[in-house]
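Colleague: I would like the atomic coordinates for the input below:
(chains A and B)
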Amino acid sequence: MIISRNVSLIYPDKTQALFDVSLEIEPGELVYITGPSGSGKTSFLKLLMGIEYPTSGSLSVLGQPMIKSNFGDIQKLRRKIGPVFQEFKLIEGRTALENVMMGMRFLGIKPKQMKEQAHEALEKVGLGHKKYSRVENLSWGESQRVAIARAVARKPLLILADEPTGNLDYDNAINILKLLKSFQKEDTTVIITTHATHLINNEQNATFIHVKNGRITTERRSMAV
Amino acid sequence: MKTYLYNTGYFFKETGKIIKLNLLSNLFSVIGTALILLLLGLAVTGANIGNHLVNMLNEEAEINGYFSKEISPADKEALVEKIREIYGVRNARFVNEEEAKKRMENILGEEASILELFEENPFEAFVEIRINVDAMESILENVKNLNGIEYVRDNKEVLEKIKDITYVFKILGYLMIAAVGITTIIILSHMIRQGIYNNREQINTLRLLGSPGAFIGFPYVLTGILLTILGGLLATVTVVFLIKTAYEGVGNAILFIPLPSRKILIDNMVILIPSLSFILGLSGSLFGLSSIRKK
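Modeller: Model prediction:
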């Protein structure tokens, strides 16, 4: 599913964000990428989405080699990914429902089915009653749920959530993590980055990747029986 | 393709939102496009009227061939037949001495009494040859070389001027179309680029979600086409109004100028301006999109 071999990432301003990252993530895994701010977590997600490309090493996501020249294929890959961005990237002036549907419009889904999937996703994140509210009128937590609904309504093979607990209080953060975990299935991998390790200390059935200064310093697998 | 069909409503909604987002600027673009297309419409109408006049003059273009003294009336008829067969000759007609005299009397009017001073008819028979101006040189050559033709009065200077006027009208028409086309494309592509810039965050999000470039760009192309067609329609209505007003007002005042049919002029504008606005809208939008995509 995700195979990274000695991947390094150096930005044009010569900042080295990742050093020699090698790992494998299997389909259906729940993965937490932890580490302090600026450690390289978001850079790694950017690589997985084809926003940045490895400076050296090789990376393949869902069987797609992440090479800059393959932009058309990268766009196709992105359609199989459900991203939850740190700053949500919701489209203002549109309702929650329109935002969720926006992520599906170019997937060749019939309008009726698209609407059903969007409704279902909003219900699942507990925002069924606010589907016709404009996103600029929603709270931080609600906006985040819309972003999650947009990501999962597409029925992706890979969900990437970048710091979803960032600005939330403890209870809301736990609820969001629970919600994201609920989308982990046999064929759906969920990758969550967070610097709030206290929220996931008790996780029993997940893979933990700890990033520090661009290097994977810890890889711990905790398998529940 | 089915993705685009499924999203027809979405595309139109997005187009509406793009237009609303910069309503004033888009309104100015429509007015600007309408004014440019109005200028084009007026120039083409002017060119149509000019061409009509030139064609009329062209049809009237004629040369006269005068016979040698020694040839018989039968030979003269045969010569006329020969002339009719020359390439570029529209018609050739034998004008006898009597008709030549009558024509002159008509031209002189009240002064015609001066012709009574002549004991005999002073006018010669000749052949009146209506020609195609473009083939003037070869016709002159051929007629002059015919046995039985003594000399040819060719009105060459007048005919050359008619030719020049036709050429100038054509060139002006082409220049006008090129200028209008380029200006409209520049205005539109700028407008599309501005629309894309204003919606850059939405576009970026759609890209990150995997949307194809064509899907993102489609509402912008629709916006460009819609705004130009609106401008085109505005220009068409104005041009039609101006043509009608001009025909009703000026047409009656200058009866001596043979204007072309008003219906033909209006029909031309009703077809030309909207079609051209569609083509310009499409090319302007695509140009705007492609220039953004390169960045």
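
Colleague: what about residue 68, how many neighbours?
Modeller: With no chain named, the answer covers chain A. Counted with other C-beta atoms under 10 Å in any protein chain shown, residues neighbouring residue A:68 total 10. Every C-beta, even on glycine, is put in place using the N, C-alpha and C of the backbone.

Colleague: was after chain B, sorry
Modeller: Neighbour tally, residue B:68, other C-beta under 10 Å: 14.

Colleague: give me the phi and psi angles of the closest residue to it other than its chain neighbours.
Modeller: Ranked by C-beta to C-beta, 6 or more residues apart in numbering or on different chains and with sequence neighbours excluded, the top spatial neighbour of residue B:68 is residue B:150, at 4.6 Å. Per-residue torsions, residue B:150: phi -90, psi -50 (degrees, to the nearest 10).

Colleague: one more: residue A:196?
Modeller: Here residue A:196 shows phi and psi, under degrees, to the nearest 10, equal to phi -90, psi 80.

Colleague: distance check, it against chain B.
Modeller: Plainly put, residue A:196 is 24 Å away from chain B if you go by C-beta to the nearest C-beta, to the nearest Å.

Colleague: list the contacts for the residue nearest to that residue when sequence neighbours are not counted?
Modeller: Nearest non-adjacent residue to residue A:196, counting by C-beta to C-beta, 6+ apart: residue A:165, 5.3 Å away. Contacts for residue A:165 (C-beta atoms under 8 Å, 6 or more residues apart in numbering or on different chains) come out as A:173, A:176, A:177, A:194, A:196, A:199.

Colleague: please redo it, this time with the cut-off set to 10 Å
Modeller: When contacts are counted by C-beta atoms under 10 Å, 6 or more residues apart in numbering or on different chains, residue A:165 is found next to A:144, A:172-177, A:180, A:192-196, A:199-200.

Colleague: and what about it, helix, strand or coil?
Modeller: Following DSSP: H, G, I helix; E, B strand; the rest coil, we place residue A:165 in the coil state.

Colleague: poorly predicted segments of chain A, please.
Modeller: Across chain A, the ranges flagged by pLDDT under 70 are A:218-225.

Colleague: and the residue of it nearest chain B?
Modeller: Per C-beta to the nearest C-beta, residue A:78 is where chain A lies closest to chain B, at 3.2 Å.

Colleague: beta partners for the most centrally placed residue in chain A?
Modeller: Ranked by distance to the mean C-alpha position of chain A (C-alpha atoms, centre = their mean), the top residue is residue A:160 at 1.2 Å. On the basis of DSSP bridges, residue A:160 is bridged to residue A:83, residue A:191.

Colleague: shouldn't it be in contact with residue A:152?
Modeller: No. Residue A:160 is beyond contact range of residue A:152, at 11.6 Å (criterion: C-beta atoms under 10 Å).

Colleague: which neighbours do these two share?
Modeller: Shared contacts of residue A:160 and residue A:152, counting by C-beta under 10 Å, 6+ apart, come down to A:82, A:84, A:190.

Colleague: the first one is in contact with residue A:107, isn't it?
Modeller: No. Checked against C-beta under 10 Å, the pair residue A:82 and residue A:107 is beyond contact range at 11.6 Å.

Colleague: neighbour-wise, which of these two wins?
Modeller: Higher neighbour count among residue A:82 and residue A:107: residue A:82, with 27 against 18, using other C-beta under 10 Å.

Colleague: so which bits of chain B are right by chain A?
Modeller: By C-beta under 10 Å from any C-beta of the partner chain, the part of chain B that sits against chain A consists of B:1-11, B:13-14, B:17, B:20-21, B:199, B:201-216.

Colleague: among the residues you listed, which ones are buried?
Modeller: When the residues of chain B next to chain A are checked for burial by 16 or more other C-beta atoms under 10 Å in any protein chain shown, the buried set is B:6-7, B:10-11, B:14, B:199, B:202-203, B:205-206, B:208-213, B:215-216.

Colleague: just the closest residue of the stretch 1-150 of chain B to chain A, please.
Modeller: residue B:3 (4.8 Å).

Colleague: from residue B:21, how far off is that residue?
Modeller: 24 Å (C-beta to C-beta, to the nearest Å).

Colleague: excluding covalently adjacent residues, which one is nearest to residue B:92?
Modeller: Once flanking residues are discounted, residue B:92 sits nearest to residue B:83: 4.2 Å by C-beta to C-beta, 6+ apart.

Colleague: just checking, that neighbour is part of a strand?
Modeller: No. Counting by three-state DSSP, residue B:83 falls outside a strand, being helix.

Colleague: who's in contact with it?
Modeller: By C-beta under 10 Å, 6+ apart, the contact list for residue B:83 reads B:63, B:65, B:89, B:91-94, B:127-129, B:139, B:142-143, B:146, B:149.

Colleague: drop anything exposed from those residues.
Modeller: Buried, going by 16+ other C-beta under 10 Å: B:63, B:65, B:89, B:92, B:94, B:127-129, B:139, B:142-143, B:146, B:149, out of the contacts of residue B:83.

Colleague: which of the residues you listed fall in strands?
Modeller: Taking DSSP state E as the definition of strands, these contribute B:63, B:65, B:89, B:92, B:94, B:127, B:128, B:129, B:149.

Colleague: could I get those as TSV with pLDDT?
Modeller: Shown next, in TSV, are these (pLDDT from 0 to 100):
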residue	pLDDT
B:63	88
B:65	91
B:89	90
B:92	91
B:94	90
B:127	91
B:128	91
B:129	92
B:149	89
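
Colleague: nearest to residue B:48, of those residues?
Modeller: residue B:89 (27.3 Å; C-beta to C-beta).

Colleague: ok, now how distant is the residue of the stretch 1-150 of chain B closest to chain A from residue A:105?
Modeller: 8 Å.

Colleague: next, show the common contact partners of these two.
Modeller: Residues touching both residue B:3 and residue A:105 by C-beta under 10 Å, 6+ apart: B:211, B:215.

Colleague: contacts only, for residue B:116.
Modeller: Residue B:116 touches nothing, counting by C-beta under 10 Å, 6+ apart.

Colleague: on that earlier part again, which ones among the residues of chain B next to chain A are found in helices?
Modeller: Counted as lying in helices by DSSP state H, out of the residues of chain B next to chain A, are B:2-6, B:8-11, B:13-14, B:17, B:20-21, B:201-208, B:213-216.

Colleague: mind giving me the domain ranges of the chain?
Modeller: By default, I'm working from chain A. A:1-80+A:156-225, A:92-155 (automatic domain parsing).

Colleague: I was after chain B.
Modeller: Taken from automatic domain parsing, chain B resolves into B:2-57+B:162-293, B:62-154.

Colleague: indicate which one of these is closest to residue A:124.
Modeller: domain B:2-57+B:162-293 (18.9 Å).

Colleague: could you give the separation of that closest one from the chain centroid?
Modeller: Computed by C-alpha atoms, centre = their mean, to the nearest Å, the separation of domain B:2-57+B:162-293 from the middle of its chain amounts to 18 Å.

Colleague: so who does the residue lying closest to residue B:262 once chain neighbours are set aside touch?
Modeller: Spatial nearest neighbour of residue B:262, chain neighbours left out: residue B:247 (4.8 Å); criterion: C-beta to C-beta, 6+ apart. Counting by C-beta under 10 Å, 6+ apart, residue B:247 touches B:259, B:261, B:262, B:265, B:266.

Colleague: perfect, I'm done here.
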